[in-house]
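Peer 1: Next one to model:
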Amino acid sequence: MLQEQRLAVSLYDTTTSQGTRLSQYHFNALMYLCSNSVTEPLLKALALEHGFCIFDQMLAININPINEASITAVARLTVAKGDGDYAFELVKSMEKYVVVPRLHTYEPALLCFYENSEAVKVYEVDHMALIGVSLEEPELAALLRVRAKTGRVFELLSLARLILLL
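Peer 2: Presented below is the predicted three-dimensional model:
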């Protein structure tokens, strides 16, 4: 994978230096590649550097991240840096583009909050239910673990109410 990612970044650098205009599809594909590469230790730093550079370039040439794929890829990159708050803000920003997030769009922020035992922040994501996004078993199990770990029993009861609404 290291060779493939380096080749993709090299092609990106070459095309942009020659003035070739990339489409939103191209940017999404590159950001997706970078966001998937952050899990490999040898690629993480390179993937983060290039992923955010590609996102910045996309914005600089006025290609708005108005689709779910763009936001999900950038949210994954953001969480790889440990910033679940920004990932969540990205998801919330989708409303202004009239794009409805899906569960996997929320997952980077949710998982970051779960891993850091930030129960209050996890609970803020409950607005998902208002737009029709339901948690599935893995997310519910992680949420319950965070609540139990942080001793937030009352929130467990509130969570049960939320689950019944879903």
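
Peer 1: so what's the backbone phi/psi at the residue sitting furthest away from the middle of the chain?
Peer 2: What lies farthest from the middle of the chain is Q18; by CA atoms, centre = their mean that is 30.5 Å. Backbone geometry at Q18, expressed as degrees, to the nearest 10, gives phi -90, psi 0.

Peer 1: Equivalent analysis for E40, please.
Peer 2: Residue torsions, per degrees, to the nearest 10, at E40 are phi -100, psi 120.

Peer 1: I figured it hits L2, correct?
Peer 2: Yes: using CB atoms under 8 Å, E40 makes contact with L2 at a distance of 7.4 Å. Glycine gets a C-beta too; all of them are placed from N, C-alpha and C.

Peer 1: measure the residue farthest from the centre of the chain to Y123 for me?
Peer 2: Look at Q18 and Y123: by CB to CB, to the nearest Å, they are 49 Å apart.

Peer 1: can you check I66 too?
Peer 2: Relative to Y123, I66 is positioned 28 Å away (CB to CB).

Peer 1: Who has more neighbours out of those two?
Peer 2: Y123 (17 against 14; other CB atoms under 10 Å).

Peer 1: Give the helix, strand or coil label for the more buried one.
Peer 2: helix (DSSP: H, G, I helix; E, B strand; the rest coil).

Peer 1: Tell me where this protein has helices.
Peer 2: 2-17, 24-37, 44-60, 68-80, 84-93, 103-115, 119-124, 137-149, 153-165 (DSSP state H).

Peer 1: least reliable of those helices going by mean pLDDT?
Peer 2: Least confidently modelled of those is helix 153-165, at a mean of 61 by mean pLDDT.

Peer 1: so how many other residues sit close to K81?
Peer 2: K81, neighbours per other CB under 10 Å, totals 15.

Peer 1: now it, nearest residue through space, not along the chain?
Peer 2: L48 (6.3 Å; CB to CB, 6 or more residues apart in numbering).
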